[in-house]
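Engineer: fold the following and give me the result.
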Amino acid sequence: AMKIYVLILGAVHAANNANKCVFPNEPRVPYYWDENCKLGDLGCWADGLHEECRFCGDVPYITECPEDAKMPKYKTCYFPVPPVTEYYWEPNGE
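Structural biologist: Alright, predicted model coming up:
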């Protein structure tokens, strides 16, 4: 029974690797733990502390997000050139 417990515990730990990323404030971009990330790869070092912490999904981080990626609580707008007027995300699209 102990070996089964260890295997299950290991599987749970692997699924929650995004929690290894450390941010002073939760980012508004999805992120995940990528063991293959290295300095210079797009989105790597997302938290500024861990090479394996990687942004994904949103522009400019076009890396596809895996199912276990940590998604932001709030959506954000993206503009190639920031607008002059203030803006915000309308959850209902109205």
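Engineer: dihedrals phi and psi, the most centrally placed residue in the chain?
Structural biologist: With distances taken as CA atoms, centre = their mean, the residue of the chain nearest its centroid is Tyr31 (0.8 Å). Phi and psi for Tyr31, reported as degrees, to the nearest 10, are phi -150, psi 160.
Engineer: would you confirm that Leu49 contacts Pro24?
Structural biologist: No - here Leu49 lies out of contact with Pro24, judged by CB atoms under 8 Å, at a distance of 10.3 Å. All C-beta atoms are positioned from the backbone trio N, CA, C, and that covers glycine.
Engineer: compare these two (neighbour count), which wins?
Structural biologist: Neighbour count, other CB atoms under 10 Å: between Leu49 and Pro24, Leu49 has more, with 11 against 7.
Engineer: got the phi and psi for that one?
Structural biologist: phi -120, psi -30.
Engineer: tell me which element the closest residue in space to it that isn't next to it in sequence is part of?
Structural biologist: Of all residues not flanking Leu49 in the chain, Val22 sits nearest, at 5.5 Å (CB to CB, 6 or more residues apart in numbering). Counting by DSSP states H and E, there is no helix or strand that carries Val22.
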